[in-house]
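**Student:** Requesting a structural model of the entry that follows:
(one chain, ligands or ions: 1)
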Amino acid sequence: MSDRELEARFGARNYAPLPVTIVRGEGVYLWDDRGRRYLDMMGAYSAVSFGHCHPRLVEALTAQARRLDTISRAYFSDRLGPFLARACELTGMDVALPMNSGAEAVETALKAARKWAYKVKGVPADRAEIIAAEGNFHGRTIAITGFSSVAQYRDGFGPFAPGFKLVRYGDAAALAAAITPNTAAFLVEPVQGEGGIVVPPQGYLAEVARICRANHVLLLADEVQCGLGRTGKLLACEHDGVAPDGLMLGKALGGGLLPVSLFLARREVMDVFKPGDHGSTFGGNPIAAAVGLAALDTLMEEGLVERAARLGAHLLRRLRAIDSPLIAEVRGLGLFAGVELHAQMASASAVARRLIEAGVLTKDTHRNTIRLAPPLIIDEDQIDWAVGRLAATLDRVASEDPPVEAPASA
Ligand code: PLP
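**Tutor:** As a prediction, this is how the structure comes out:
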């Protein structure tokens with residue numbers, strides 16, 4: 001059997017990969033098993049901000065792996081402290097708790113918020129509520145999918161944890177109306193990623209922060225996808241001048257090499273955790289900490305945040321200049337862009353498939369949107385080339401019959 005047949009035969013069918021087998025990566029490029037080169041405009045759902053196999057990060061990983069691997073958190077390591085200190089220094093947070101996946105960082109935030117509500121705010125036992133936004137994506141655990149507004153993510157997985165409710169994304173008045181004395185926190189993505197690269201109205205987050213403060217409600221910013229320079233600021237919250245009470249980072253924090261996530265918070269929030277309340281065997285292990293620290297240092301020393309701002313503006317300008325009847329809207333901030341197609345005219349998943357033939361890797365997401373989240377090291381010529389390929393592909397699709405394929409799958 002071929003590699004693909006083996007994966008299809010022995011792998012669960014919880015993904016539907018595009019028909020290409022990747023065997024090598026370097027910088028912004030990926031190569032398939034036939035030696036064809038592709039420009040990676042997807043960046044592993046925003047996890048590959050530094051480009052593939054960045055030499056400094058590979059060196060941090062391999063040097064640490066040779067010296068010390070996993071020891072669990074039963075002991076101190078000489079790697080964790082410096083990583084957490086740097087993460088707190090850069091984000092302005094007081095304390096950090098290391099986990100692995102983004103979903104685990106979000107679960108950590110939910111647990112912290114509930115315990116804070118009982119211990120600090122004085123919410124009666126088991127009555128704490130957490131408000132999230134419609135269109136959210138925070139991961140795939142039972143608790144998190146329980147408050148997803150995507151029917152497929154919930155279908156067949158109930159019963160779900162109580163204590164969550166949803167308000168319209170981008171609507172601060174809806175949040176104000178939903179808050180009760182039992183509200184512990186508002187959990188929000190400053191830019192919704194999987195939801196379709198949705199940028200809220202300017203001032204939304206600032207207003208949300210004001211409402212949370214006025215009601216003694218924690219603002220929890222999930223920057224697993226939009227953080228660490230992706231939108232042209234270190235944190236997407238900074239676009240609105242907001243400092244959240246709790247912050248989740250992941251994806252790019254592991255340099256594309258391994259899963260590294262953090263829940264960071266103000267001390268008052270994090271101090272609700274006592275030894276034994278929460279943990280993870282691999283969270284904060286020496287290799288993860290070494291790579292995480294190298295990722296943060298690389299982000300700052302290579303000026304990737306400013307680069308994302310500059311090249312992101314260029315990408316959005318170029319996308320908005322594409323003259324295609326198929327495009328309903330171009331959305332984005334920094335190197336985080338979505339091209340929504342008219343659903344009755346073209347399917348974003350079919351276009352992503354066609355783009356493979358054109359040498360560009362992307363993936364559709366919700367709202368029939370083609371997502372573009374390339375490594376932050378991409379240059380202007382590479383962006384121009386990819387946008388040219390996208391424009392040509394849209395032209396070709398527009399000249400054909402309307403597609404039969406159903407639009408948008410995550
Ligand atoms: N939060 C956000 C905003 C995400 O986009 C994602 C993943 O796409 C997650 C959390 C979950 O991260 P992971 O897949 O590492 O669990």
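**Student:** and the residue nearest to Gly196 when sequence neighbours are not counted, how many neighbours does it have?
**Tutor:** Of all residues not flanking Gly196 in the chain, Arg367 sits nearest, at 3.5 Å (Cβ to Cβ, 6 or more residues apart in numbering). From N, CA and C alone the C-beta is placed, and that goes for glycine too. By the other Cβ atoms under 10 Å criterion, the neighbourhood of Arg367 contains 21 residues.
**Student:** element containing Arg396, please.
**Tutor:** Taking DSSP states H and E as the definition, Arg396 sits inside helix 380-398.
**Student:** Mind exporting the C-alpha coordinates of that helix to CSV?
**Tutor:** Only the C-alpha atoms of helix 380-398 are listed here, as CSV (Å, rounded to 0.1, in the frame of the first residue of the first chain):
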residue,chain,number,x,y,z
GLU,A,380,6.8,40.4,-1.2
ASP,A,381,7.7,38.5,-4.4
GLN,A,382,6.4,35.3,-2.9
ILE,A,383,3.2,37.0,-1.9
ASP,A,384,2.8,38.4,-5.4
TRP,A,385,3.4,35.0,-7.0
ALA,A,386,0.8,33.3,-4.7
VAL,A,387,-1.8,36.1,-5.3
GLY,A,388,-1.2,35.8,-9.0
ARG,A,389,-1.8,32.0,-8.8
LEU,A,390,-5.0,32.6,-6.8
ALA,A,391,-6.3,35.2,-9.3
ALA,A,392,-5.6,32.9,-12.3
THR,A,393,-7.3,29.9,-10.5
LEU,A,394,-10.3,32.0,-9.7
ASP,A,395,-10.5,33.1,-13.4
ARG,A,396,-10.4,29.5,-14.5
VAL,A,397,-13.1,28.5,-12.0
ALA,A,398,-15.3,31.4,-13.0
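**Student:** any low-confidence regions in this protein?
**Tutor:** For the chain, the stretches with pLDDT under 70 are 401-410.
**Student:** Tell me the secondary structure at the most centrally placed residue in it.
**Tutor:** Nearest to the geometric centre of the chain sits Gln225, at 1.7 Å (Cα atoms, centre = their mean). Following DSSP: H, G, I helix; E, B strand; the rest coil, we place Gln225 in the coil state.
**Student:** so who does the residue nearest to Gly196 touch?
**Tutor:** With contact taken as Cβ atoms under 8 Å, 6 or more residues apart in numbering, Arg367 is in contact with Gly195, Gly196, Val198, Gly338, Glu340, Ala408.
**Student:** one step back: can you tell me how far the residue nearest to the centre of the chain is from the ligand?
**Tutor:** Applying Cβ to the nearest ligand atom, to the nearest Å, the value for Gln225 to the ligand is 3 Å.
**Student:** Can you show me the helices along the chain?
**Tutor:** For the chain, helices defined by DSSP state H occupy the ranges 3-10, 43-46, 55-67, 80-91, 102-116, 142-145, 151-154, 172-178, 204-214, 267-270, 286-301, 304-320, 348-357, 380-398.
**Student:** Buried residues in the second one, which are they?
**Tutor:** Within helix 43-46, the residues that qualify as buried by neighbour count (16 or more other Cβ atoms under 10 Å) are Gly43, Ala44, Tyr45, Ser46.
**Student:** could you measure the last one against the ligand, distance?
**Tutor:** Using Cβ to the nearest ligand atom, we find Ser46 at a distance of 7 Å from the ligand.
**Student:** Would you agree that residue is in contact with Arg230?
**Tutor:** Yes - with contact defined as Cβ atoms under 8 Å, Ser46 counts as touching Arg230 (5.8 Å).
**Student:** so how many other residues sit close to the one residue in the stretch 51-200 of the chain that gets nearest to the ligand?
**Tutor:** Per Cβ to the nearest ligand atom, the residue of the stretch 51-200 of the chain with the smallest distance to the ligand is Gly102, at 2.3 Å. Residues lying near Gly102 (other Cβ under 10 Å) number 28.
**Student:** do Gly122 as well
**Tutor:** 9.
**Student:** and if you look at Glu59?
**Tutor:** Residues near Glu59, counting by other Cβ under 10 Å: 12.
**Student:** Repeat that for the one 3 residues further on.
**Tutor:** In terms of burial, Thr62 registers 13 neighbours under the definition other Cβ under 10 Å.
**Student:** Thank you kindly, that will do.
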